[in-house]
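>>> A structural model of the following input is requested.
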Amino acid sequence: MVSTKPSNAVRYLLSDPCSLYAQSRADPLRLQGDGWGLGFYEDGCLRVFRSERPIYEEYYCFKSIVEGVKSNIIVAHVRRASNPRGLPKERLISIENIQPFSYESYLFAHNGTITIPDEVSNMLGEWRFKIRGLNDSEVYFWYIVKEICEGRSLKEALRNFEEDLWRVWREVRERHPNKNRPYIGLNIVFSDGVCLYAYCKYDENLDGSMRTLCYRDSPAMRMVYVADGDRLIVASERTNDDEDWRPLRSGQLIIGRIEGDAVKVSIEDV
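Presented below is the predicted three-dimensional model:
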């Protein structure tokens, strides 16, 4: 969420019929039980709360944090751990692996899987030493941060990341006979403390048949948003039926920027 005035996101994270909390346990076969996190900006400083425990076992902790946060920009994430390396599950569940990831003023959450994370980390140069966990999403995060710190825009960074993913995949695919592509979903929510960005990118043919967690009437990877001038809300699926949720097409980047007393929203093709 990005809003003109510091606000809380209780409705979308906790109260709505398909709030982020409700999504975490809506589908017993797809429980989002491998940790949760919340990032926001307070007096110009980035603050992040993260837990490796299932969010539905920490309801009162989550509720207390959500109700206490008021910010112009809020990013929240619940996790169902992907495991492209085939590691024991317990190695994936630690605070270092929980999103959103952060660095300086940058805040990042990813929905998807980078299927060749070790090969991707080799593209990071010295930045690879900043990796702390075994979450494949973290290599995506550091690639984007590296690109931005080297002077590229987020749009350029996203385009370069996908191009590099496919280039490396062509070089190493023989090492991965059980995989058929370098990623499953590149959906992210990202902030630099000034703007909120959300990028929707997935294979509509391969992944379009999977349904959303709560309403189960839309593709699971198709992001949606609500914009009313005072705020922009972006989510992995709509949290209610009361607002005018609109879909993002695969390949679209939505940007929310506070300008005066309004949130200006633009959508670009990456």
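
>>> which residues are contacting the lowest-mean-pLDDT helix or strand in the chain?
Using mean pLDDT, DSSP states H and E, the weakest-scoring helix or strand in the chain turns out to be helix 204-207, at a mean of 94. Helix 204-207 is contacted by residues R181, I184, G185, P219, A220, M221, S250 when judged by CB atoms under 8 Å, 6 or more residues apart in numbering. C-beta coordinates here come from the backbone N, C-alpha and C atoms, glycine included.

>>> go with 6 Å
The contact list for helix 204-207 (CB atoms under 6 Å, 6 or more residues apart in numbering) reads M221, S250.

>>> Mind jotting down where the helices sit in the stretch 51-200 of the chain?
Ranges of helices in the stretch 51-200 of the chain, per DSSP state H, counting those that start in this stretch, are 59-68, 89-92, 117-121, 136-149, 154-172.

>>> which other residues reach stretch 105-116?
Under CB under 6 Å, 6+ apart, the answer for stretch 105-116 is 39, 46, 75, 77, 82, 84, 99-101, 120, 136-137, 140-141, 145, 179, 182-193, 236.

>>> Please pick the buried ones from those residues.
39, 46, 75, 77, 82, 84, 99-101, 120, 136-137, 140-141, 145, 182-192, 236 (16 or more other CB atoms under 10 Å).

>>> check contacts around V172.
By CB under 6 Å, 6+ apart, the neighbours of V172 are E119.

>>> Can you tell me how far it is from Y143?
According to CB to CB, to the nearest Å, V172 and Y143 sit 16 Å apart.

>>> now do N72
The value you get for N72 to Y143, if CB to CB is used, is 27 Å.

>>> Please enumerate the strands of the stretch 101-250 of the chain.
Remark: strands assigned in the stretch 101-250 of the chain by DSSP state E, counting those that start in this stretch are 101-103, 106-114, 183-191, 195-200, 224-227, 231-235, 246-247.

>>> With that, I have no additional questions.
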